[in-house]
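J.: fold the following and give me the result.
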Amino acid sequence: MSDKDDQNEELANDENEASEEVTTAGSGPDSDLAQKLAEAEAKVQENWDKAARAQAELENVRRRAQRDLENAHKYALEKFLHELLPIQDSLEMGLAAAKDDAADINKLREGSELILKMFADLMDKNGIEAIDPMHEPFDPEHHQAMSMLESPDHEPNTVVAVMQKGYKLNDRLVRPAMVAVSKEP
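T.: Residues are numbered from 1 along each chain as shown. This is a model prediction of the structure:
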């Protein structure tokens, strides 16, 4: 062979070796990249599943909270009702006793006072406070003046008569007391 052929053959061998090195070197990083891509895709899928589960759990919590809130509104007075029913029962028994021809007015009065005490205790227990402002200064925040009466015995703007008690629920006015207020003669 000639030198030229030797050179061409040598160049071809060098190119083949370089090509093999590139292929060998290329297959290493390509396989690493493919493996990393597969791991990343698995991680993405895992995170996607976690996010979907978290979203579903959040929706379930929201629905449960909404249902609990609706039930709380719907049955809020259930405990109060259980405490109120004995008072109604007592009133009904008192009314039945009053219809009896041999009814003793003193026993009826005593029974009515006991029922009223049961009712007052129930209201107290549930944070309901009566406003009975007799002989107190008029307070427009808690009293509603129905009339003005001349009274030499009282200071002006003093409550001299209570037509209807007022009520507060946990320090919040539910109904103002209807009162008559004194004025100068």
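J.: look up which helix or strand the most centrally placed residue in the chain falls in, please.
T.: The chain has residue 69 as the residue nearest its centroid, 6.2 Å off, counting by C-alpha atoms, centre = their mean. Assigning secondary structure by DSSP states H and E places residue 69 in helix 3-74.
J.: please pull out the lowest mean pLDDT helix or strand from this structure.
T.: Using mean pLDDT, DSSP states H and E, helix 3-74 stands out as the lowest-scoring helix or strand of the chain, at a mean of 79.
J.: who's in contact with whatever helix or strand comes next after it?
T.: On the C-terminal side of helix 3-74, the nearest following helix or strand under DSSP H and E is helix 78-99. Helix 78-99 is touched from outside by 103, 107-108, 111-112, 114-115, 118-119, 122, 125-126, with contacts defined as C-beta atoms under 8 Å, 6 or more residues apart in numbering. Any C-beta I mention is one placed from the backbone N, CA and C, and that applies to glycine too.
J.: redo that, cut-off 7 Å
T.: 103, 108, 111-112, 115, 118-119, 122, 126 (C-beta atoms under 7 Å, 6 or more residues apart in numbering).
J.: could you export the residues you listed to a markdown table, including columns for distance to residue 90?
T.: Shown next, in a markdown table, are the contacts of helix 78-99 (distance: C-beta to C-beta, whole Å):
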| residue | distance to residue 90 |
| --- | --- |
| 103 | 16 |
| 108 | 12 |
| 111 | 7 |
| 112 | 9 |
| 115 | 5 |
| 118 | 7 |
| 119 | 9 |
| 122 | 12 |
| 126 | 18 |
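J.: what's the ChimeraX line that selects buried ones from those residues?
T.: Restricted to buried positions by 16 or more other C-beta atoms under 10 Å, the ChimeraX selection for those reads:
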select :111,115,118
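J.: of the contacts of helix 78-99, closest to residue 178?
T.: residue 119 (20.0 Å; C-beta to C-beta).
J.: does that closest one belong to a helix, a strand or coil?
T.: Here residue 119 is recorded as helix under DSSP: H, G, I helix; E, B strand; the rest coil.
J.: how about the nearest residue to it, chain neighbours excluded?
T.: residue 87 (5.4 Å; C-beta to C-beta, 6 or more residues apart in numbering).
J.: please apply the same query to residue 170.
T.: residue 127 (4.3 Å).
J.: pretty sure that neighbour contacts residue 169?
T.: Yes. With contact defined as C-beta atoms under 7 Å, residue 127 and residue 169 form a contacting pair (6.0 Å).
J.: quick one on the thing from earlier: kindly list the main-chain dihedrals of the residue nearest to residue 170?
T.: phi 80, psi 20 (degrees, to the nearest 10).
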